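when you get a sec, could you give me coordinates for this:
(chains A and B)
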Number of protein chains: 2
Amino acid sequence: MNCTLLTIGDEILIGQIVDTNSAWMAKQLNAIGIRVAEIISLSDSQQHIVEGLDRALAQSDIVLITGGLGPTKDDITKNVLADYFQSDLTFYPHIYAQLEEYLKRRGIAVVDAIHQMAMLPTKCQVIQNQKGMAAAMWFEQAGKVVVSMPGVPYEMIHFMEQSVLPMLADRFKLPAIYHHTLQCAGLGESVIAQKIEAIEDALPPHIKLAYLPSLGVVRLRLSASGDNYNALKADVLPIVEQIKNALTTKYLFAEGDETLPQTIAKLLLAKNATLATAESCTGGLIAHKITAIAGASSYFMGGVVTYSNQLKTQLLGVKPTTLDQYGAVSEQTVTEMAQGTIERLGVDYSIAVSGIAGPGGGTPDKPVGTIWVAVASKNKTRSKLFNYGRPHRDVNIELAANMALNELRKLLLDLEQ
Amino acid sequence: MNCTLLTIGDEILIGQIVDTNSAWMAKQLNAIGIRVAEIISLSDSQQHIVEGLDRALAQSDIVLITGGLGPTKDDITKNVLADYFQSDLTFYPHIYAQLEEYLKRRGIAVVDAIHQMAMLPTKCQVIQNQKGMAAAMWFEQAGKVVVSMPGVPYEMIHFMEQSVLPMLADRFKLPAIYHHTLQCAGLGESVIAQKIEAIEDALPPHIKLAYLPSLGVVRLRLSASGDNYNALKADVLPIVEQIKNALTTKYLFAEGDETLPQTIAKLLLAKNATLATAESCTGGLIAHKITAIAGASSYFMGGVVTYSNQLKTQLLGVKPTTLDQYGAVSEQTVTEMAQGTIERLGVDYSIAVSGIAGPGGGTPDKPVGTIWVAVASKNKTRSKLFNYGRPHRDVNIELAANMALNELRKLLLDLEQ
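Now for the predicted structure:
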């Protein structure tokens, strides 16, 4: 089963926005067994949209279109699709009522433009927008499906999850697919591959393993396809166990989509424990990652960003002699930062980081990329040195934050460093 | 002048990575007067690449290809291009020498694979990679240009800036284009449009104005095209002055690509002044934005993330009676946070934020999205309430951080709130 994604709108072609929709859609489609053959970004022009549709329908069973459904003159997708499928526009009273209700709920005056938005092609199945205004349209022709959705990411995601993906699975009687994801921190792709080589070599042909790396974290995804979901799941679960045994919880932090800050949240909540952070080179990124999760205030008390040595001493009690003798980027300093956080901020656990993010500030002894991490509980402090040798400030900051979160996870689980 | 962008690689089609290259390239191409007609993402398949090239060359003068140039078997772009342009591969000794040097500098053993990487089509102009390994290839046929570059973003950017963009401008004798960007914070697109309506209506036909909005910041870009760069610049600069007068530095924070944290960095350095932050709902994001800039340690001393009320009192001296009487999200609390930061952290300027990022925690009086910001110097404290009515935690955190940075900017410039 093949799909082409068409994104419509000049804002992508002039580089004003990055097309994040297509990657999200491609991931979801692949997950239910629909291969994305091509992604095409087109301008708001009748001729381009028609040519794009012709090409997409020639090569695919499914065409998903996003964008070009706004109320302004340059949004022409609806009319082009009506023409393409030789359909009239007709007034959909329930769509009008919903648009009216949508505006009223927001205290916005009901404008004439919504009458126009409720005029939609006769020859399509109209899907109401639960998150915004423009409705989606589902066309069928010669056994193929064309769906047009708004380009606003959260509106598109809601349409896909609530309607389009289940409708596609149903319409095309898709093969069963079972996915299982394991997440690994602190090991590179090649080391992981080596550790699970025998397992990977023995995979049966209907089960695939994909490595999805990001900075400091690698996702391993097992995908099985066949006729019966439960049979596939039964095939995959023993392999999951083999991989878990090979990699161990020292490196595997989660199954599914859980992030490191979410894993830590669960561990802290289970212990009814509190956390605070002490950041130097990560400059607040660790606290930001932790507080990006709703409900973080139950376990995260706060943190300090001690960029200057003076604040390291004043807020965390790092001894001036330690800073003089070993420097700010040292095991001694980061250890005192972690311990000072426990004592001064009155929490159960702490994370401390000090490093050289670059591009400047490196020395032969402590080159750019040198990162010291310490994590502490009330009765234990552990420290670790990282250097991935990266020259980029943003990369070093992101890596340091992820490595520090992973060290805390290991301390919370009482795993070796 | 038209261009099609072809990105090659399954990692985009399976949604593993978001294609950020195309938006960057489109922006740069537009800036020199090359319109992007279409962006196409294809898989690593000979047939798809050939079909994509056929289509791209039928509609465009220029085709820029990224991806598929790695040393692994699934990277077939180079061989497909050699076939397509009926060219042999030949050994380029200077490319081999550069690859050898590249590996040696990194202490990596010289492997056979680099011989293969130095085999490149005879009928192309080879461009050396200054940032990585795979060389770029510039083909010409029937007056059209096809360039193939690696997909690694910083390698691609280096190729574009150092070679491809200037070579295209030269090869196609592109019209002169003059761009001037103004950046505006704290005003919505529609309010800006109203304030500069008369100026916009009076623009001559060869000058266009684009609004490029993001969360809390709108970029205004004037673009003029014609024969003579200096004449265009002379046409645009008076309009820039008109817009500056209409919007004033209260809202305009920078010209060009400077970000708010960069503007603040310049202002603090000019005053030889120091800064610290006190964050509640933004949870470290403001500190992260400030420290993402290399050299921030010259003016940024650090900050605190006081998520709990206890830390607001302990670290910043916020009075428990203030918290009891007015709550953590209040003008009184955020004012004491800003003043406490000045006093306790010993800095010249401070930023403090407390708000309800959501999705939970809202009340009828203080709904989700309520953000109090205070900024202070040693002898002045100013506070301001924001609520953009957004239901999304990440959006509220980002908006709050940008609004808080802008309030500090206004204090530093002694502008009204």
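
residue A:107 belongs to a helix, doesn't it?
No - when the secondary structure is assigned by DSSP: H, G, I helix; E, B strand; the rest coil, residue A:107 falls in coil instead of a helix.

quick check: phi and psi on it?
Dihedral angles of residue A:107 (phi, psi; degrees, to the nearest 10) stand at phi 70, psi 30.

tell me the residues of the stretch 301-417 of chain A that contact chain B?
When proximity is defined as CB under 8 Å from any CB of the partner chain, the stretch 301-417 of chain A approaches chain B at A:301-308, A:310-311, A:314-315, A:345-346, A:358-360, A:392-394, A:397. Backbone N, C-alpha and C define where each C-beta goes, glycine included.

surely residue A:122 is in contact with residue A:87?
Yes - the pair residue A:122 / residue A:87 is scored as a contact, 5.2 Å apart, by CB atoms under 8 Å.

more neighbours: the two, which one.
Under the criterion of other CB atoms under 10 Å in any protein chain shown, the comparison of residue A:122 against residue A:87 puts residue A:87 first, with 16 against 12.

next one: phi and psi at the more buried one?
Backbone geometry at residue A:87, expressed as degrees, to the nearest 10, gives phi -120, psi 140.

for the stretch 1-150 of chain A, what spans make up the strands?
According to DSSP state E, counting those that start in this stretch, the stretch 1-150 of chain A carries its strands in the segments A:2-8, A:35-42, A:62-66, A:89-91, A:119-121, A:125-127, A:136-141, A:144-149.

which of those sits most buried?
The highest mean neighbour count among those belongs to strand A:62-66 (a mean of 27), with neighbours defined as mean count of other CB atoms under 10 Å in any protein chain shown.

which of the strands of the stretch 1-150 of chain A sits closest to chain B?
Chain B sits nearest to strand A:35-42 of all these, at 3.9 Å, using CB to the nearest CB.

sheet partners, orientation included, of that closest one?
Strands adjacent to strand A:35-42 in the sheet, as given by DSSP bridges, are strand A:2-8 (parallel), strand B:35-42 (antiparallel).

now those in CSV, with mean pLDDT and distance to residue A:168?
Converted to CSV, the strands paired with strand A:35-42 look like this (pLDDT from 0 to 100; distance: least, CB to CB, whole Å):
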stretch, mean pLDDT, distance to residue A:168
strand A:2-8, 96, 8
strand B:35-42, 95, 20
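
mind putting these into TSV with distance to residue B:138?
Compiled in TSV, the strands paired with strand A:35-42 are given as follows (distance: least, CB to CB, whole Å):
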stretch	distance to residue B:138
strand A:2-8	28
strand B:35-42	19
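
rewinding a little: possible to save the strands of the stretch 1-150 of chain A as a markdown table with distance to residue A:232?
A markdown table is the format used below for those (distance: least, CB to CB, whole Å):
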| stretch | distance to residue A:232 |
| --- | --- |
| strand A:2-8 | 22 |
| strand A:35-42 | 18 |
| strand A:62-66 | 23 |
| strand A:89-91 | 44 |
| strand A:119-121 | 39 |
| strand A:125-127 | 30 |
| strand A:136-141 | 29 |
| strand A:144-149 | 25 |
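
for residue A:332, see how far away the most centrally placed residue in chain A is.
Note on chain A: the residue nearest the mean C-alpha position is residue A:257, at 8.2 Å, using CA atoms, centre = their mean. Taking CB to CB, to the nearest Å as the criterion, residue A:257 is separated from residue A:332 by 38 Å.
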